[in-house]
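Asker: Below is the sequence, then the predicted model.
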Amino acid sequence: MRLNFDNKYGYCLFDFRAEFVDGTVLQRQGVNVCEIADYYYTP
């Protein structure tokens, strides 16, 4: 999934939650999308 976080407010920190088909849930808090280009979840 590709998401674009470029916004006019300048927010950089986001919390992510991904739930996979096998029921695995991964959560990450405070991801700074202004400092990284790509972010990957791996179960």
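Answerer: Nice, I can see it. Everything quoted here is computed from the prediction, not taken from an experiment. Numbers count the residues shown, from 1 in each chain.

Asker: So the residue with the largest distance to the centre of the chain: helix, strand or coil?
Answerer: In the chain, the greatest distance from the average C-alpha position (CA atoms, centre = their mean) is reached by D22, at 19.6 Å. When the structure is split into helix, strand and coil by DSSP: H, G, I helix; E, B strand; the rest coil, D22 lands in coil.

Asker: what's it sitting at in phi/psi?
Answerer: D22 has phi and psi values of phi -80, psi 0 when expressed as degrees, to the nearest 10.

Asker: How about E19?
Answerer: Main-chain torsions, E19, degrees, to the nearest 10: phi -120, psi 120.

Asker: next SSE after the helix or strand hosting F16?
Answerer: The secondary structure element spanning F16 is strand 13-19 (assigned by DSSP states H and E). The element immediately downstream of strand 13-19 (helix or strand, assigned by DSSP H and E) is strand 25-32.

Asker: number of nearby residues for Q27?
Answerer: Applying other CB atoms under 10 Å, we find 10 residues neighbouring Q27. Every residue, glycine included, has its C-beta placed from N, CA and C.

Asker: mind listing what A18 touches?
Answerer: Taking CB atoms under 8 Å, 6 or more residues apart in numbering as the criterion, A18 is in contact with 25-27, 41.

Asker: Just checking the distance from the strand holding F16 to the centre of its chain.
Answerer: For strand 13-19, the gap between its own C-alpha mean and the chain's C-alpha mean amounts to 5 Å (CA atoms, centre = their mean, to the nearest Å).
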